[in-house]
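Visitor: Got a predicted structure plus its sequence, pasted below:
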Amino acid sequence: MTVFYLLPLNFRTSNKIANILSEHLKPFQRLETLDLSNNNISELKISSFPSLQLKYINSNRITSMEPGTFDNLSTTLQVLKLNRNKISAIPQKMFKLSHLQHLELNRNKIRKIDGLTFQGLPALKSLKLQRNGVTRLMDGAFWGLTNMEVLQLDHNNLTEVTKGWLYGLLMLQQLHLSQNAISRISPDAWEFCQKLSELDLTFNQLARLDDSSFVGLSVLVGLYIGNNKVNYIADCAFKGLSSLQILDLKNNEISWAIEDMNGAFSGLDKLRKLILQGNRIRSITKKAFSGLDALEHLDLSNNAIMSVQGNAFSQMKKLKELHFNTSSLLCDCQLKWLPQWMSENNFQSFVNASCAHPQLLKGRSIFAVSLDGFVCDDFPKPQITVQPETQSAIKGSNLSFVCSAASSSDSPMTFAWKKDNELLQDAEMENYAHLRAQGGEVMEYTTILRLRNVEFSNEGKYQCVISNHFGSSYSVKAKLTVNMLPSFTKIPMDLTIRAGAMARLECAAVGHPIPQIAWQKDGGTDFPAARKRRMHVMPEDDVFFIVDVKIEDTGVYSCTAQNTAGSISANATLTVLETPSFLRPLLDRTVTKGETAVLQCIAGGSPPPRLNWTKDDSPLVVTERHFFAAGNQLLIIVDTDVEDAGKYTCEMSNTLGTERGNIRLNVIPTPTCDSPQNIAPSLDDDGWATVGIVIIVVVCCVVGTSLVWVVIIYQTRRRNEDCSITNTDETNLPADIPSYLSSQGTLAERQDGYGSSENGSHHQFLSSPVGGYFLQQRDSNEPETVSKVFRSHLYSCLAANDSLRFFHCQTDHEFVSCALKEGSPWF
């Protein structure tokens, strides 16, 4: 048997092989390279090939490939070329070639590449898909090619670079996308290929380079963007390219980046070569190349440069080549430095520059003009004289920007406006010219940009550009801010809530600029909840919280929305409900028969509870000796008798519930006196007056001092009256002082008069016109000696407790009053 040890096998040229069968290649077991280019093979079937290292099937008519066609080559095949065929689709799982390093599919008809198409090629280093007319690369199109370093997609119809189809290319170093129709680079396009060192985007449709166009390419060395339509470069567009050494921007339209921007190339600390030829650059500012300290090669050829500001190239200390050719230079005094500097740095061989103005120097090389020849007799290039001004406007209004420039030349003037460094198309402009001075030769040109019915989209920085044959002048950038008064989208609503719960008030507003939201309580910023850290503001959720709500949180809350256009506010009332409770413990009382007993039931709750008294679990039988005060919080029994003793129950209730408490009243016998006429006194006219006076004094004393002192004082005075022959001398009292009584569980100025029940006494406590309370007498003809007695009892209170200096008295024909000065202590 004969064995063939054939290494390369070439079936190229003048053959017309139409198909490959496995039996045809069986004799060539040691075959390493198979070249089947330029045949008529139209189909590749399963297991058609023995083990190979190199396989070329270029220039055939292959239209389809069966999955598994190359399975026999999975352990040996390293290079596979399928160029110049008619392949229109690549089936999934087509390739299971674990050792394949280079795959070429150039010049086929593949229009779309689906996800996972190249799965099964873990060792692939390069993939070439040039000239296929590819229009769509689906997400994950190259997933699985984790070791691929070179991807060539030139001469296709791709329109956008996105991270979706670049997913998984973690080791990619070279990406060639030249000759496509790419007009956009998505902000996060390079997230999965941050080891990219060379990027070719030449001959595409890019018009902008945004600040996010190259984020993540910190190791990029060469960036080629020539022959696009770039007319906008954002500030810091190249900032992240800290390793970039070559930047090719030839044949774009970035003249303004050199003429007006300061530091368009900032961040390129390692850049060595910058190509700017053919960009319509007409002037170079002093800071055009700031930051390019490492630059060695600068190409400015094919630009009709007219002016170069002083020392525009001086910061580039390492510059070795400066390509500069123009015949449009304005050879005035400001250009005097340029030929001398170029000569000193030996750049003459790279420079071809001649003058266009003044007429005397037209056509002469700048190196042939003496230093004395560079003079400033006129200023043909426009010079800005009136700058546009920063403005604020209300949405929907009209406004104008004005810009003027002067020139000594009669060269036709052109006007343009830019917004945020981009040329405004179809802008409404009004342009006119006039002589600056009568008989003068200087013309002043004015351009007015009109903006009607401004919207938020009109916000930005506006700049005018005035140009003629000798160059362009750029104004300062005037900022336009469009404002809109705030308006509420969420208005806080009145809220009623139980104590201890969480209060939630919502407030949100829109406007431009976005309004700030602030809260107030009762017109101020003193929040009890804030001091105790129970208040929380959630700006992102437009919510104001108060946790563990308390009675003190009750009030009017104001939400204010404010921006530079103005402010608005909305109010909501927070009402806190609380179940009834006793503010002070209920204390049993013991009095002597005939004395006055005061039973206190100081109630709290919201809404204020209603009080009801019972005796011995039965309805209280009210007599002319029973009086109620402070909204039934005080039960006053004058001239007590043994039958008044017992259990008194105070019941308070509101909408949230009911609370009860008991007070035990004990009545002990009256001590005996030596004067028999004082035994068993009757309630004559003076007696009734005294009873009323005592009630008033008791109430006042309850407010001003402790009940213990009231009992002591009253007992002392009672005994003195019962046992003495002469009346107490009149006592001078303080002058009348306007006052009120606290409403917190005691007498309140705003409450109605307090009276007994229908069957009780005809003596009632009523609100006094001057503040406080008074006892209305049953009979207007009762003697006025009550005044003297009243003052006597009141003086006893004053004498017992100096804090009662706030009381004052008033008497007339109808009533006796007792008032408490504002600010006096209570309880």
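Guide: Sure, I can see it. All figures in this text were calculated on a predicted structure; none of them were measured in a lab.

Visitor: buried sites along stretch 97-104?
Guide: Within stretch 97-104, the residues that count as buried by 16 or more other CB atoms under 10 Å are 97, 100-104. Where you see a C-beta, it was placed from the backbone N, CA and C, and this is true even at glycine.

Visitor: Reformat those residues into CSV and put secondary structure and pLDDT next to each item.
Guide: CSV is the format used below for the buried residues of stretch 97-104 (DSSP: H, G, I helix; E, B strand; the rest coil; pLDDT from 0 to 100):
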residue, secondary structure, pLDDT
L97, coil, 88
L100, coil, 91
Q101, coil, 94
H102, strand, 94
L103, strand, 94
E104, strand, 94
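
Visitor: Just give me the closest of the residues you listed to L485.
Guide: Comparing those against L485 with CB to CB picks out L103 as the nearest, at 63.5 Å.

Visitor: so that closest one bridges to which residues?
Guide: Legend: beta-bridge partners of L103 under DSSP bridges are L80, L127.

Visitor: which is the next helix or strand following the longest strand along the chain?
Guide: Of all segments of type strand in the chain, defined using DSSP state E, the longest is strand 566-582. Using DSSP states H and E, the helix or strand that follows strand 566-582 in sequence is strand 589-592.

Visitor: all strands for the stretch 151-300 of the chain, in order.
Guide: Counting by DSSP state E, counting those that start in this stretch, one finds strands in the stretch 151-300 of the chain at the ranges 160-161, 174-176, 184-185, 198-200, 208-209, 222-224, 232-233, 246-248, 273-275, 283-284, 297-299.

Visitor: Show me what the last one is packed up against.
Guide: Contact partners of strand 297-299 among helices and strands, from 3 or more CB pairs under 8 Å, 6 or more residues apart in numbering; DSSP states H and E: strand 273-275, strand 321-330.

Visitor: Please name whichever of those strands is nearest to S567.
Guide: strand 273-275 (51.8 Å).

Visitor: ok, back up a step: dump the strands of the stretch 151-300 of the chain to JSON lines, plus distance to T649.
Guide: Converted to JSON lines, the strands of the stretch 151-300 of the chain look like this (distance: least, CB to CB, whole Å):
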{"stretch": "strand 160-161", "distance to T649": "85"}
{"stretch": "strand 174-176", "distance to T649": "92"}
{"stretch": "strand 184-185", "distance to T649": "84"}
{"stretch": "strand 198-200", "distance to T649": "92"}
{"stretch": "strand 208-209", "distance to T649": "86"}
{"stretch": "strand 222-224", "distance to T649": "93"}
{"stretch": "strand 232-233", "distance to T649": "87"}
{"stretch": "strand 246-248", "distance to T649": "95"}
{"stretch": "strand 273-275", "distance to T649": "98"}
{"stretch": "strand 283-284", "distance to T649": "100"}
{"stretch": "strand 297-299", "distance to T649": "103"}
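
Visitor: how far away is L271 from F238?
Guide: Using CB to CB, to the nearest Å, L271 is found at 9 Å from F238.

Visitor: Does P515 touch N563 like I think?
Guide: Yes: judged on CB atoms under 8 Å, P515 makes contact with N563 at a distance of 4.3 Å.

Visitor: So for these two, which sits in the more crowded spot?
Guide: Shown here are P515 and N563; by other CB atoms under 10 Å, P515 has more neighbours (24 against 19).

Visitor: I'd like to know the predicted local confidence at the more buried one, please.
Guide: With respect to pLDDT, P515 scores 92.

Visitor: again with K287
Guide: Looking at K287, its pLDDT is 87.

Visitor: give the contact list for the residue lying closest to it once chain neighbours are set aside.
Guide: Leaving aside its sequence neighbours, K287 sits nearest to N262 (CB to CB, 6 or more residues apart in numbering; 4.3 Å). With contact taken as CB atoms under 8 Å, 6 or more residues apart in numbering, N262 is in contact with 285, 287-288, 290.

Visitor: related to what we said a few turns ago, what pairs with the longest strand of the chain, parallel or antiparallel?
Guide: Take DSSP bridges as the rule and strand 566-582 pairs in its sheet with strand 495-498 (parallel), strand 555-563 (antiparallel), strand 603-606 (antiparallel).

Visitor: Return the most buried member of the ones you listed.
Guide: strand 603-606 (a mean of 22; mean count of other CB atoms under 10 Å).

Visitor: Measure how far that strand is from the centre of its chain, please.
Guide: On the basis of CA atoms, centre = their mean, to the nearest Å, strand 603-606 sits 43 Å off its chain's mean C-alpha point.

Visitor: swap in stretch 254-271?
Guide: 32 Å.

Visitor: measure that stretch end to end?
Guide: Start and end residues of stretch 254-271 are separated by 18 Å (CA to CA, to the nearest Å).

Visitor: got any ranges where the stretch 651-800 of the chain has weak pLDDT?
Guide: For the stretch 651-800 of the chain, residues meeting the criterion pLDDT under 70 lie at 672-800.

Visitor: Any figure for the gap between L586 and T640?
Guide: The spacing between L586 and T640, counted by CB to CB, is 18 Å.

Visitor: P585 now?
Guide: Distance, P585 to T640, using CB to CB: 22 Å.

Visitor: which one of these two has more residues nearby?
Guide: Applying other CB under 10 Å to P585 and T640 shows that T640 carries more neighbours, namely 22 against 8.

Visitor: dump the residue contacts of that one.
Guide: So T640 contacts 591-597, 625, 665, 667 (CB under 8 Å, 6+ apart).

Visitor: who touches stretch 208-219?
Guide: Here stretch 208-219 makes contact (CB under 8 Å, 6+ apart) with 185, 187-188, 190-191, 194-197, 199, 220, 223, 225, 230-243.

Visitor: List the buried residues of that stretch.
Guide: For stretch 208-219, the neighbour count (16+ other CB under 10 Å) marks 208-209, 212-217 as buried.

Visitor: Adding distance to C507, write the residues you listed out as a markdown table.
Guide: Output for the buried residues of stretch 208-219, formatted as a markdown table (distance: CB to CB, whole Å):
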| residue | distance to C507 |
| --- | --- |
| R208 | 40 |
| L209 | 43 |
| S212 | 35 |
| S213 | 41 |
| F214 | 43 |
| V215 | 38 |
| G216 | 41 |
| L217 | 45 |
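
Visitor: What is the burial count for P580?
Guide: 22.

Visitor: isn't it right next to T658, touching?
Guide: Yes: judged on CB under 8 Å, P580 makes contact with T658 at a distance of 6.7 Å.

Visitor: Pull up the overlap in contacts between these two.
Guide: Shared contacts of P580 and T658, counting by CB under 8 Å, 6+ apart, come down to M652.

Visitor: where along this structure do the helices fall?
Guide: Counting by DSSP state H, the chain has these helices, from start to end: 22-25, 255-259, 337-344, 528-531, 685-704, 707-723, 786-800.

Visitor: Next, the residues that contact the second one from outside, please.
Guide: Contact with helix 255-259 is made by 231, 233, 264, 276, 279-285, 288, 303, 418, 421, 465, 472, 474, as judged by CB under 8 Å, 6+ apart.

Visitor: Tell me where the model's unsure across the stretch 351-500 of the chain.
Guide: Within the stretch 351-500 of the chain, the segments meeting pLDDT under 70 span 437-440.

Visitor: picking that back up, format the contacts of N262 as a markdown table; extra columns: distance to T76 and neighbour count.
Guide: Shown next, in a markdown table, are the contacts of N262 (distance: CB to CB, whole Å; neighbours: other CB atoms under 10 Å):
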| residue | distance to T76 | neighbour count |
| --- | --- | --- |
| T285 | 62 | 18 |
| K287 | 60 | 15 |
| A288 | 57 | 23 |
| S290 | 57 | 17 |
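
Visitor: Can you tell me which of these is nearest Q334?
Guide: Checking these against Q334 by CB to CB gives T285 as the nearest, at 11.9 Å.

Visitor: How many residues are close by the closest residue to that closest one other than its chain neighbours?
Guide: Nearest residue to T285 in three dimensions, chain neighbours excluded: Q309, at 5.3 Å (CB to CB, 6+ apart). Q309 sits with 15 neighbouring residues when counted by other CB under 10 Å.
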